[in-house]
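*Asks:* have a look at this fold, sequence not included:
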């Protein structure tokens with residue numbers, strides 16, 4: 001007697017039943033979790049929200065895998081391919097539900113509004129803490145989840161049609177379910193990079209993805225859906241307009257009032273958390289952050305101040321700690337630009353006055369560079385300032401940082417002040433081989449910064465002699481071994497930065513032999529090359545000698561970070577080839 005077989009649900013109905021059961025569970029659990037996720041205390045909702053950064057990669061991988069198998073299945077059909085693709089469709093959809101759910105929980109924390117939960121978060125606006133980027137990121141994530149669910153159901157229906165004859169090795173036609181499943185999957189692939197881009201814009205700055213790209217990307221795409229910030233002019237505390245030009249006046253009138261309001265209560269005269277004090281520019285410059293100096297001259301990326309104010313609001317190191325005190329986007333961009341242009345001065349230079357004329361009336365500021373040339377520099381987006389009013393008012397620092405369209409003709413106009421330029425910066429600009437040809441001789445130039453510029457091997461021989469240069473930065477350029485011979489003419493060079501270039505270890509070694517007086521930093525020989533240190537121990541008691549040798553060897557051989565220039569902090573010391581660094 002044959003055992004009676006119980007009727008079973010078709011696979012498609014079993015799948016739908018599973019989805020309905022999961023939806024019912026979420027409907028019961030979600031309100032409790034959502035109500036506590038936006039708070040500031042420990043909770044399951046807040047914890048599960050932060051797991052979003054772990055689970056979001058799962059549906060991405062599964063759905064891309066489904067797309068790959070479906071694509072190759074167009075050329076080689078098999079039952080195994082179709083079943084594998086169907087499973088990836090289904091698992092990708094199920095994992096996308098988890099990713100969306102945890103993302104909505106995290107969104108309530110990012111918004112910083114305790115009145116929001118995952119049910120009203122999608123419909124909140126900027127005034128409630130949901131920016132355009134966050135809102136669109138969530139809606140596109142939900143859209144991706146829905147489309148992947150549709151694709152999964154249709155793919156399962158198509159597989160049942162194609163392989164209804166289990167003994168056949170040739171699939172039947174999938175019909176309209178297969179066609180719609182593939183269209184839906186293409187939609188998933190189109191939405192996925194948009195969701196990722198918006199998520200990246202929230203965890204990193206919008207410029208992070210494209211700032212090192214070898215091609216120009218329109219600002220409207222970089223900042224989408226937000227508008228590119230306009231930080232050329234910001235009003236200070238008295239209504240006066242300031243540019244992020246690195247001046248002390250811009251700091252005092254724009255940045256310092258914001259710090260006084262949000263930061264000085266924990267980093268001021270009476271209290272200095274983490275030994276950081278921010279009630280004046282002088283203290284901010286002298287304080288050290290957790291990893292970097294609070295302000296690193298001409299480098300926002302290595303400045304702790306800029307790092308902590310650009311973290312996601314949910315990050316434990318985001319500052320100010322109270323999201324209500326968070327700086328607006330315009331101020332954050334202003335601070336970043338200001339740091340890029342800051343050169344370490346604690347006072348702005350005053351105009352240099354000429355001797356009084358015959359009538360006793362001062363003749364006004366004494367120009368140190370031709371006004372026409374200064375106008376051209378300013379019009380191009382650069383600036384020229386005195387290094388120090390008291391000690392060397394006639395020595396200039398000229399900056400053309402991060403200019404994507406730098407006309408070599410503007411570089412040629414530096415001729416009128418070439419004998420007064422001591423520092424020159426083209427960091428992040430389009431300064432290339434043609435601009436190198438236009439660069440005039442500068443007998444007093446000591447620092448030349450070409451970091452992340454467009455200079456190549458062909459442009460290095462075109463640079464002038466520069467008889468006083470002691471510091472040259474070629475970090476992140478296309479320079480290779482072929483251009484190193486051109487650097488040997490700089491016999492006064494003390495420091496040369498070749499990190500991030502195409503220079504090989506052999507090229508660096510050959511250059512060190514040719515320029516023994518130059519300290520060269522590169523990607524080879526460890527992170528940086530340091531001179532060996534031999535501990536000095538006075539002969540005597542062996543135990544004391546061993547102790548002294550141990551203490552001496554534990555001291556770092558460098559007292560400043562070779563990248564940021566910040567003093568080395570105790571506790572941040574590593575051992576490299578037997579030396580403490």
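*Replies:* All right, it came through fine. Note that this is a predicted model, so its numbers are computed, not measured. Numbers count the residues shown, from 1 in each chain.
*Asks:* which stretches of the stretch 1-150 of the chain form helices?
*Replies:* 11-37, 44-50, 52-55, 57-73, 79-111, 132-162 (DSSP state H, counting those that start in this stretch).
*Asks:* tell me what the fifth one is packed against?
*Replies:* Contact partners of helix 79-111 among helices and strands, from 3 or more Cβ pairs under 8 Å, 6 or more residues apart in numbering; DSSP states H and E: helix 11-37, helix 44-50, helix 52-55, helix 57-73, helix 132-162, helix 175-203. (C-beta placed from N, C-alpha, C; glycine too.)
*Asks:* swap in the fourth one?
*Replies:* Using 3+ Cβ pairs under 8 Å, 6+ apart, the elements in contact with helix 57-73 are helix 79-111, helix 132-162, helix 175-203.
*Asks:* can you add distance to residue 214 and mean pLDDT and give these back as CSV?
*Replies:* Listed next are the helices and strands packed on helix 57-73 as CSV, based on distance: least, Cβ to Cβ, whole Å; pLDDT from 0 to 100:
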stretch, distance to residue 214, mean pLDDT
helix 79-111, 32, 88
helix 132-162, 26, 91
helix 175-203, 19, 90
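*Asks:* show me what contacts the residue positioned nearest the centre of the chain?
*Replies:* With distances taken as Cα atoms, centre = their mean, the residue of the chain nearest its centroid is residue 208 (4.4 Å). The contact partners of residue 208, by Cβ atoms under 8 Å, 6 or more residues apart in numbering, come to residue 200.
*Asks:* check residue 456 too.
*Replies:* 432-433, 477-479, 483.
*Asks:* closest to residue 275 out of those?
*Replies:* residue 477 (36.3 Å; Cβ to Cβ).
*Asks:* tell me how many other residues surround the closest one.
*Replies:* 26 (other Cβ atoms under 10 Å).
*Asks:* follow-up on the earlier one: of the helices of the stretch 1-150 of the chain, which approaches residue 333 most closely?
*Replies:* helix 132-162 (14.6 Å).
*Asks:* now for this protein, the helix or strand with the poorest mean pLDDT.
*Replies:* strand 575-576 (a mean of 44; mean pLDDT, DSSP states H and E).
*Asks:* residue 103 - nearest residue in space that isn't next to it in sequence?
*Replies:* residue 52 (4.7 Å; Cβ to Cβ, 6 or more residues apart in numbering).
*Asks:* can you check the pLDDT for the nearest residue to residue 488 once chain neighbours are set aside?
*Replies:* Closest residue to residue 488 apart from its sequence neighbours, by Cβ to Cβ, 6+ apart: residue 514 at 5.4 Å. Residue 514 is assigned 91 on the pLDDT scale.
*Asks:* then the one 10 residues further on?
*Replies:* Predicted confidence (pLDDT) for residue 524: 78.
*Asks:* close enough to count as contact, it and residue 512?
*Replies:* No. Contact criterion Cβ atoms under 8 Å: residue 524 and residue 512 do not qualify, at 10.5 Å.
*Asks:* quick one: low-confidence residue ranges for the stretch 151-300 of the chain.
*Replies:* 166-167, 228-232, 237, 289-292 (pLDDT under 70).
*Asks:* next structured bit after the helix or strand harbouring residue 257?
*Replies:* Following DSSP states H and E, one finds residue 257 within helix 256-262. Tracing the chain past helix 256-262, the next element assigned as helix or strand by DSSP H and E is helix 281-286.
*Asks:* in that next one, what counts as buried?
*Replies:* Residues 281, 283-285 are the ones in helix 281-286 that count as buried (16 or more other Cβ atoms under 10 Å).
*Asks:* I appreciate the help and will end here.
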